[in-house]
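Peer 1: below are the sequence and a predicted model for it; my questions follow.
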Amino acid sequence: MSPFMAELVGTALMILLGNGVVANVLLPRTKGNRGGWIVITTGWALAVFVGVVVAGPFSGAHLNPAVSLGFALAGQFAWSALPAYVAAQLLGAALGATLVWVFYNAHLRICEDPATLLAVFCTAPALPRRALNFASELIATFVLIFAIFYITDGSLFVPTDGTTLPVGLGSVGALPVAFIVWVIGLSLGGTTGYAINPVRDFAPRLMHALLPMGPAKGSSQWGYAWIPVVAPLCGSTLAALLFLLI
């Protein structure tokens, strides 16, 4: 498991489970139909947890170009490794979206609403206000990256000699990131669907454009697609700069 493969597999699992919960809640005649926003945000948070558990020991589990960029700007990640990480994340997101298409294919083909079909793959604004949509994605990603900078490993203080020993949390150490994603979805996700990750939106949107889904398939909304790519990168940059400043 190389860092490249870890980022690819981790991102694929994250998208499979994240977009999978959206499909389960939105598509007709699924067992989870109309499960609601709590189900979607919880599913996405746990999808991130699974991706981080798998990729964490091998790549640090960025799974997101905004995370990789933020770490590079903060001096915690080599710039030379950035292109390979982003490439792996793009491929993984495309693979995960394709697996969702395979898994829910029968339900996609009986769906009669183009907006629902698109929502299974990528985000869209609740109200199309470009400046506000951009600000929503920027602020949400800022919160994600800034909070990630302050995640620390567990430790145990030994009062007899005043030393501090690291505590290996194993896979449980991935929970903080999942909680951050969860609260962002609950608190800040209602305006744009909280992409907060360029490849999470771009690669599945591309697969929506390429894959057949029946007669109800509509536009992939490429006119909006730049916002969930550019805004998270800007939010990540601001988070890294503030982290360095303070």
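Peer 2: Structure's in. What do you need? Residues are numbered from 1 along each chain as shown.

Peer 1: show me the shaky parts of the chain.
Peer 2: 152-173 (pLDDT under 70).

Peer 1: can you show me the helices along it?
Peer 2: All helices of the chain, identified by DSSP state H, fall at 3-26, 37-59, 65-73, 82-103, 105-110, 114-121, 130-149, 175-188, 198-210, 227-245.

Peer 1: could you save those helices as a markdown table and add columns showing mean neighbour count and distance to Lys217?
Peer 2: In short, each C-beta sits where N, CA and C put it, glycine included. Shown next, in a markdown table, are those (neighbours: other Cβ atoms under 10 Å; distance: least, Cβ to Cβ, whole Å):
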| stretch | mean neighbour count | distance to Lys217 |
| --- | --- | --- |
| helix 3-26 | 24 | 14 |
| helix 37-59 | 21 | 21 |
| helix 65-73 | 24 | 27 |
| helix 82-103 | 21 | 11 |
| helix 105-110 | 15 | 8 |
| helix 114-121 | 20 | 6 |
| helix 130-149 | 20 | 23 |
| helix 175-188 | 19 | 26 |
| helix 198-210 | 23 | 8 |
| helix 227-245 | 20 | 20 |
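
Peer 1: now Gly214. Nearest residue, chain neighbours left out?
Peer 2: Closest residue to Gly214 apart from its sequence neighbours, by Cβ to Cβ, 6 or more residues apart in numbering: Arg109 at 4.0 Å.

Peer 1: please apply the same query to Met1.
Peer 2: That would be Phe58: by Cβ to Cβ, 6+ apart, it lies 4.7 Å from Met1.

Peer 1: how much space between Leu118 and Gly92?
Peer 2: 21 Å (Cβ to Cβ, to the nearest Å).

Peer 1: to clarify, my last question referred to Val143.
Peer 2: Counting by Cβ to Cβ, the gap from Val143 to Gly92 is 23 Å.

Peer 1: and Arg34, by the same measure?
Peer 2: Arg34 is 30 Å from Gly92, by Cβ to Cβ.

Peer 1: which ones are touching Val22?
Peer 2: Ile40, Gly43, Ala119, Val120 (Cβ atoms under 8 Å, 6 or more residues apart in numbering).

Peer 1: quick one: which of these is nearest Phe149?
Peer 2: Using Cβ to Cβ, Gly43 comes nearest to Phe149 of the contacts of Val22, at 25.6 Å.

Peer 1: re the thing from before, the residue nearest to Gly214 reaches Met213, doesn't it?
Peer 2: Yes: if you go by Cβ atoms under 8 Å, Arg109 and Met213 touch, sitting 6.5 Å apart.

Peer 1: now for those two: what residues contact both?
Peer 2: With Cβ under 8 Å, 6+ apart as the test, Arg109 and Met213 reach no residue in common.

Peer 1: picking up where we left off before, turn the contacts of Val22 into JSON lines, columns for distance to Val86.
Peer 2: Putting the contacts of Val22 into JSON lines (distance: Cβ to Cβ, whole Å) gives the following:
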{"residue": "Ile40", "distance to Val86": "26"}
{"residue": "Gly43", "distance to Val86": "25"}
{"residue": "Ala119", "distance to Val86": "25"}
{"residue": "Val120", "distance to Val86": "24"}
